[in-house]
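K.L.:
return atomic coordinates for the entry below.
(2 chains)
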Amino acid sequence: MQIATWNVNSLSVRLPQVLAWLAANPVDALGLQELKLVDEKFPHDAFEAAGYHAVCFGQKTYNGVAIVSRSPARDVVRNIPGHEDEQARVIAATLDSASGPLRLINCYFVNGQEPGSDKFAYKLKWLAALHDWVRQELAAHPRLALVGDFNVAPEDRDSYDPVGLKDTIHHTQEERRHFRDLLALGLSDAFRLFEQPEKSYSWWDYRMLGFQKNRGLRIDHILVSDALRAGVTACHVDRAPRKNKQPSDHAPVLASLA
DNA sequence: ATGTCGACGAATCGTCGA
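P.N.:
Modelled structure (predicted):
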């Protein structure tokens, strides 16, 4: 099966692109982030017409996540249990496939703005809460994928300017430690299971011709559990949608699983 | 500080967040 993640930066604006992308890339499951709409405005009909089920967790103006899938989602969880949060950032669900159930956790990680800021402190707390909960989820669901916009460039090679951006947001030691802590739970970065082109990124700033100059970061990830890892046959960033007329600043990332 | 998007409230732009 194929799974994917895409920060669409407003589903209202990007819906036609998402539908076109699904038609060209008929993945079994797609995690969306930054819906920027309330649940009442989620376009269930459009996805249904395209042959997909969808569960969503939105809010006004900011954040918002959804799982779009061929098979219906069950055991849906919204946000991190026990972690009070006004921001809609997490949706998890179990999807049935021929190889067995897949637990999919789709997250819009906190951006954090700037190290030392209140938002950065919120980011670190959120990351710690996520870590504790993902450990439990892994114990309950061996076949698990954690996908989304992590807002962390895990290593220097995941940034267009690791020297100039050293210790800035997405690049700090604390964020990278949290990323490695997630891996240490028994997860693998699907992208790094394969040879990849140098300077592979998933996000480019809208400003200053970021995409044209490939000044990007790899901050959108698909992490797979040990039980899934051996069955992963491919993972790549699809840069094509970033070339659309009104693109999201993020490109989708896809992985093929057994 | 700046650049560019998108949402929002109360404008036909300013502010916030990314």
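K.L.:
got the confidence number for the residue of the stretch 101-250 of chain A found nearest DNA strand B?
P.N.:
Here the residue of the stretch 101-250 of chain A nearest DNA strand B is residue A:207; by Cβ to the nearest atom of the strand that distance is 3.4 Å. Where you see a C-beta, it was placed from the backbone N, CA and C, and this is true even at glycine. The confidence metric pLDDT takes the value 94 at residue A:207.
K.L.:
distance of it from residue A:138?
P.N.:
When distance is defined by Cβ to Cβ, to the nearest Å, residue A:207 is 38 Å away from residue A:138.
K.L.:
again with residue A:72
P.N.:
Per Cβ to Cβ, residue A:72 is found 23 Å from residue A:138.
K.L.:
now swap in residue A:174 and tell me
P.N.:
In terms of Cβ to Cβ, residue A:174 sits 22 Å off from residue A:138.
K.L.:
who's more crowded, these two?
P.N.:
Comparing residue A:174 with residue A:138 by other Cβ atoms under 10 Å, the one with more neighbours is residue A:138, at 20 against 15.
K.L.:
need the three-state assignment for that one.
P.N.:
For residue A:138, the assignment made with DSSP: H, G, I helix; E, B strand; the rest coil gives helix.
K.L.:
which residue does the stretch 1-150 of chain A bring closest to DNA strand B?
P.N.:
Residue of the stretch 1-150 of chain A nearest DNA strand B, by Cβ to the nearest atom of the strand: residue A:10 (3.3 Å).
K.L.:
and the nearest residue in space to that residue that is not next to it in sequence, what pLDDT?
P.N.:
Setting aside the residues directly before and after it, residue A:10 is nearest to residue A:36 in space (Cβ to Cβ, 6 or more residues apart in numbering), at 4.5 Å. Model confidence at residue A:36, given as pLDDT, is 98.
K.L.:
my guess is residue A:36 contacts residue A:66. True?
P.N.:
No - judged on Cβ atoms under 8 Å, residue A:36 makes no contact with residue A:66 at a distance of 11.5 Å.
K.L.:
who has more neighbours, those two?
P.N.:
A count of neighbours by other Cβ under 10 Å puts residue A:66 above the other of residue A:36 and residue A:66, at 27 against 20.
K.L.:
for that one, phi and psi?
P.N.:
In terms of degrees, to the nearest 10, the main-chain angles of residue A:66 are phi -150, psi 160.
K.L.:
contacts only, for the nearest residue to it once chain neighbours are set aside.
P.N.:
Of all residues beyond its chain neighbours, the one nearest residue A:66 is residue A:56 (3.9 Å), with distances taken as Cβ to Cβ, 6+ apart. If a contact means Cβ atoms under 8 Å, 6 or more residues apart in numbering, then residue A:56 has A:35, A:39, A:42, A:64-67, A:91 as its contacts.
K.L.:
one more: residue A:112?
P.N.:
Counting by Cβ under 8 Å, 6+ apart, residue A:112 has contacts A:119-120, A:122-124, A:151, A:169-170, A:175.
K.L.:
now swap in residue A:141 and tell me
P.N.:
Residue A:141 sits in contact with A:94, A:101, A:103, where contact means Cβ under 8 Å, 6+ apart.
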